[in-house]
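In: how would this look folded up:
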Amino acid sequence: MALGLGLLLTACGSSGVALQNAPTGEPVRGGSLRVGLAGGGAADTLDPHSPVSTTDIARVVNLYESLLYRDENFELKPLLALSAVPDATALVWTVELRPGVKFHDGRPVTAKDVAATFARVTNPDDPKSGAAALKILDEVKVIDDLTVEFRLNTPTATFDDSLGQYALGIVPEDFDVQHPIGTGPFKASSFDPGLRSVFVRNDAYWREHEPYLDELTILNFSDDDAMLNALLSTQVDAIGQIPLALLEVISADPRI
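Out: Numbering: from 1, shown residues only. You can find the predicted model right below:
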């Protein structure tokens with residue numbers, strides 16, 4: 001769901017009404033999208049490496065990006081990395097970064113940022129959600145500005161899968177969760193835990209012409225019924241993770 005939502009929000013455009021009226025037309029630049037999701041609360045976070053709820057995940061995939069990602073067919077593809085290649089022993093993986101990518105504050109993404117990101121995730125004093133899967137990682141060695149080596153303690157032919165996890169978004173060396181800076185299609189504008197999160201277009205996004213939207217708002221709802229009622233009353237333009245039990249209600253409404 002998180003990956004699908006992230007791709008949707010970077011690819012669609014205009015307002016909710018325009019999207020409904022022209023579902024097969026070309027995307028139009030501009031407009032806003034209000035997305036309703038159930039769950040979350042006072043513990044909601046903008047931390048790229050500690051998403052828990054559905055709303056956390058939705059924020060993370062729009063603010064930050066990992067080195068690789070899985071597309072809609074669940075195939076591993078390049079994102080901030082152009083390639084991730086193991087040596088003959090599968091103990092050393094060399095990652096070449098995509099040139100020209102900038103953080104939300106305009107600074108270029110470098111190999112030092114990648115090393116700092118993984119150091120933050122695996123910090124033994126404050127391990128993040130992806131730390132357990134990275135116990136095979138001994139060192140992230142900076143080779144040059146756009147090259148890093150991931151040196152493992154166990155031969156691992158599928159280490160690239162770890163690099164494609166959404167909870168491993170690359171952040172600057174001096175990352176501060178109170179001022180969330182990533183490379184994603186949207187920048188944080190305002191954040192009210194348990195209520196709403198507002199994001200604005202990243203005009204310096206590395207994917208040409210994306211995102212199309214000016215603004216994205218993610219709204220928290222206490223339960224599925226409240227989320228569905230918000231859609232039916234046009235308080236939101238889209239909802240996610242729809243329970244099967246509600247599909248009949250939704251399909252009966254000609255507007256949806």
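In: can you map out the helices along the stretch 151-256 of the chain?
Out: 159-163, 224-232, 247-251 (DSSP state H, counting those that start in this stretch).
In: How about residues contacting the last one?
Out: It refers to helix 247-251. Helix 247-251 is contacted from outside by 228, 231, 242, 256, using CB atoms under 8 Å, 6 or more residues apart in numbering. Heads up, the C-betas are built off the backbone N, CA and C, glycines and all.
In: now swap in the longest one and tell me
Out: Defining contact as CB under 8 Å, 6+ apart, one finds that helix 224-232 is touched by 36-38, 219, 221, 236, 238-239, 242-243, 246, 249-250, 253, 256.
In: list the buried ones in that helix?
Out: Residues of helix 224-232 classed as buried by neighbour count (16 or more other CB atoms under 10 Å): 224, 227-228, 230-231.
In: rank the helices of the stretch 151-256 of the chain by mean pLDDT and give me the bottom one.
Out: When the helices of the stretch 151-256 of the chain are compared by mean pLDDT, helix 247-251 comes last with a mean of 86.
In: quick one: that helix to chain centroid distance?
Out: Centroid displacement of helix 247-251 relative to its chain, using CA atoms, centre = their mean, to the nearest Å, is 29 Å.
In: And residue 152, how far from residue 123?
Out: According to CB to CB, to the nearest Å, residue 152 and residue 123 sit 18 Å apart.
In: These two - which one has more neighbours?
Out: More crowded of residue 152 and residue 123, by other CB atoms under 10 Å: residue 152, with 21 against 12.
In: Verify the contact between the more buried one and residue 89 for me.
Out: No - the criterion here is CB atoms under 8 Å, and residue 152 misses it with residue 89 at 9.1 Å.
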